[in-house]
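**Student:** Need coordinates for the following:
(2 chains)
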Amino acid sequence: MNLSRTGLAWALALVTLFLFGAGLAAGSDGWSWPSHGVDDRAWAAIVGQIRAPRTLGAWAVGALLGLAGAVAQGLFRNPLADPYLLGSAAGASLAVVAVLALGAGAWALPVAMARWAEVGLVVAAFLGALGGLALTLLLARGAASTPRLLLSGVVVGVMLTAVSDLLTLASPDALRGRQGFLLGHTGYLGWDAVAWLLPGLLLTAAVAWRLSRVLDALALGEDGALSLGLDLPRLRAALVAVLALSTGLAVAHAGLVAFVGLVAPHLVRRAVPGRHGTVLLASAAMGGVLLLAADVAARTLLAPRELPVGVLTAVLGGGYLLWRLGRDAQAGGARP
Amino acid sequence: MRLAAQGLTVRHGRHEALRDVRVGFDTGWTAVVGPNGAGKSTLLRALAGLCAPHAGQVLLDGRPLVELTPRERGRRLAWLAQHGDAAGDLTARDVVALGRLPHTGLFSTPGLADEAAIDEAMQATGCAAWAGRRLASLSGGERQRVLLARALAVQAPVVLLDEPTTHLDPPQQVAVVRLLRELSRDRSVVTVLHDLPLALQAQRLLVLDQGRVAAEGASGDPAVHRALQTVFGDALQIRQLEGTWVAVPRVD
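**Tutor:** This next block holds a predicted model:
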């Protein structure tokens, strides 16, 4: 299905608005509104302090992952590249776990010190994402071969997750409360997280958009891009930094959320194929929509119990990819 | 000489793809020919500054290529890859527009002159009709014409084309030969060509064998023809047909 850019922008804006409304209304006991007899001030506190930051934060995490996926797929010229499959999300997760294990009491610190602990978490996640990605690329000897890249990403992901598990076992007190977070959870997102996520999203999206022509040029292959006079090593490093920062920010605040980074750019490219400038921004918006929808579903499907949103995105994203693979196989191997 | 290789040696691991190649290119069309693995594509990549030589250097208008900024090099040397290595969801026009990147840089939008250069390149290769189609949806020949247009859109004084006629049917091959002749009036055009009848339409031939220059000269030069026959193991003969040199396979 091909849409115009304007059509896609309107569609994403309308769905986002609807989901923001749903996010404000979805509570631990299903849908709730002020008219349900809840005290106005209590309701305002619930919405203002819990649901609103969570809704905005979930959208921002999804947008960061969608952006990271689009950058990864353009950068490595591989439609199956995404932060989760490239090992960068697992690297960021391991770094977060390591910081938590090392500073086991950090969560009981006064507010001022806890803020510094959060800075440490984001920096660690960024470095972990870079490390995981570097390890995958090293193992795959570059990104030229899709099977080798994916296999390496899976191996690195499994290894780093195993190390995370070991650290969790070694420091159960500090990490027990973070188990849900490591499965991918948006329940911890408050205004302090939003204060990191939104500026981070603006920064990474702006840099990625400014460098989108590099991704266009890389469509001609590495030599093709070099022949156009691009200083490819530096530009590629800047894009890897964008990928790692957006992944690190998302993982530091919401844990491992699978498939959003993979599926969002796919949906966008099917709707409006074209230059990466459009694909990057639309993938961010699509990622936001996907994770917000998953978050609302995670809150309401089994209310009052809540599903970890990462589990839901893994099931839905994996299902989508399986369906696409089956359909493409029937169509004679169409593009992913 | 506008473009010159001085003692160029390029290694791929232990294999020496080019050995002490000394050759110059001025205005006109030179076709680089030779058997598989002779080092033709490697020579073109080295001339374009895309691989670092183990020894020797490439000079562009007397200046070592390595002294040029990447953007300056991009403006003055246009290069087309051998297999049209291009992917993604860009439209044909988007791909051709990439040829203006060395002029506009990453952060400027193309101006009227850039748009005119894109239109002109697409007209020249006959691909304007599918400007809005995704590259991935085009046939091999259509893709090749788009990628050729991308190289032409650079409007560089030196044009390096690796197999520009790949995937093209005979009428399109002839159109490309005419285009190369036209371009070579005021530019240095260097093409790698496997198709010897097409290569013989160039003004000069550079015969490579096992990474060395086996011969170079005018395409009608009998010494060059003999070298060609030798490097191809006498599997072909070169004859003149109605004033044009043609290569004929020697089957018997």
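
**Student:** Please tell me how far A:Val71 sits from chain B.
**Tutor:** The span separating A:Val71 from chain B equals 14 Å under the rule Cβ to the nearest Cβ, to the nearest Å. Bear in mind the C-beta positions are built from the backbone N, C-alpha and C, glycine included.

**Student:** Could you measure from A:Leu167 over to A:Arg324?
**Tutor:** Distance of A:Leu167 to A:Arg324, given as Cβ to Cβ, to the nearest Å: 36 Å.

**Student:** Equivalent analysis for A:Gly274, please.
**Tutor:** Distance, A:Gly274 to A:Arg324, by Cβ to Cβ: 20 Å.

**Student:** give me the element B:Val207 is part of.
**Tutor:** Assigned by DSSP states H and E, B:Val207 belongs to strand B:204-209.

**Student:** Listing partners with orientation, what would you give for the helix or strand that comes right after that strand?
**Tutor:** For strand B:204-209, the following helix or strand on the C-terminal side (DSSP H and E) is strand B:212-218. Strand pairing for strand B:212-218, using DSSP bridges, gives strand B:204-209 (antiparallel).

**Student:** Need the contact partners of the strand it pairs with.
**Tutor:** B:21, B:23, B:28-35, B:38-40, B:43, B:199, B:213-219, B:221, B:224, B:227-228, B:231 (Cβ atoms under 8 Å, 6 or more residues apart in numbering or on different chains).

**Student:** and the residue in the stretch 51-200 of chain B that chain A sits nearest to, how many neighbours does it have?
**Tutor:** Going by Cβ to the nearest Cβ, chain A is nearest to B:Gly74 of the stretch 51-200 of chain B, at 2.3 Å. Using other Cβ atoms under 10 Å in any protein chain shown, B:Gly74 is surrounded by 25 other residues.

**Student:** And for B:Pro35?
**Tutor:** B:Pro35 has 16 neighbours, counted by other Cβ under 10 Å.

**Student:** Quickly find the element holding it.
**Tutor:** Using DSSP H and E, no helix or strand contains B:Pro35.

**Student:** helix, strand or coil for the residue of the stretch 1-150 of chain A found nearest chain B?
**Tutor:** Of all residues in the stretch 1-150 of chain A, A:Arg77 sits closest to chain B, at 5.7 Å by Cβ to the nearest Cβ. For A:Arg77, the secondary structure call by DSSP: H, G, I helix; E, B strand; the rest coil comes out as coil.

**Student:** hang on, it packs against A:Ala217?
**Tutor:** No: A:Arg77 is not in contact with A:Ala217 according to Cβ atoms under 8 Å; the separation is 11.1 Å.

**Student:** Which one's more surrounded, these two?
**Tutor:** Per other Cβ under 10 Å, whichever of A:Arg77 and A:Ala217 has more neighbours is A:Ala217, with 25 against 20.

**Student:** Contacts only, for the more buried one.
**Tutor:** If you count contacts by Cβ under 8 Å, 6+ apart, A:Ala217 has them with A:224-225, A:228, A:230, B:98, B:101.

**Student:** Would you mind identifying the next helix or strand past the strand or helix carrying it?
**Tutor:** For A:Ala217, the enclosing helix or strand under DSSP H and E is helix A:212-218. Downstream of helix A:212-218, the first helix or strand assigned by DSSP H and E is helix A:222-227.

**Student:** which other helices and strands contact the following helix or strand past that following helix?
**Tutor:** Counting by DSSP H and E, the next helix or strand C-terminal to helix A:222-227 is helix A:232-254. If contacts are counted by 3 or more Cβ pairs under 8 Å, 6 or more residues apart in numbering or on different chains; DSSP states H and E, helix A:232-254 sits against helix A:52-75, helix A:88-102, helix A:111-140, helix A:191-210, helix A:212-218, helix A:222-227.

**Student:** now these as TSV including distance to A:His253 and mean pLDDT?
**Tutor:** Below are those laid out as TSV (distance: least, Cβ to Cβ, whole Å; pLDDT from 0 to 100):
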stretch	distance to A:His253	mean pLDDT
helix A:52-75	6	94
helix A:88-102	9	83
helix A:111-140	8	78
helix A:191-210	5	94
helix A:212-218	25	92
helix A:222-227	34	89
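
**Student:** Compare those and give me the one nearest A:Thr16.
**Tutor:** helix A:52-75 (7.1 Å; Cβ to Cβ).

**Student:** Report how many residues lie close to B:Pro171.
**Tutor:** For B:Pro171, using other Cβ under 10 Å, the count is 9.

**Student:** Please name the residues that touch the spatially most central residue of chain B.
**Tutor:** The centre of chain B sits closest to B:Leu161, judged by Cα atoms, centre = their mean, with a distance of 1.6 Å. Residues near B:Leu161 by Cβ under 8 Å, 6+ apart: B:44, B:79-80, B:148, B:151, B:180, B:189-192.

**Student:** Helix, strand, or coil at it?
**Tutor:** Quick answer, by three-state DSSP: B:Leu161 is strand.

**Student:** Chain neighbours aside, what residue packs nearest to B:Gly132?
**Tutor:** B:Thr91 (5.5 Å; Cβ to Cβ, 6 or more residues apart in numbering or on different chains).
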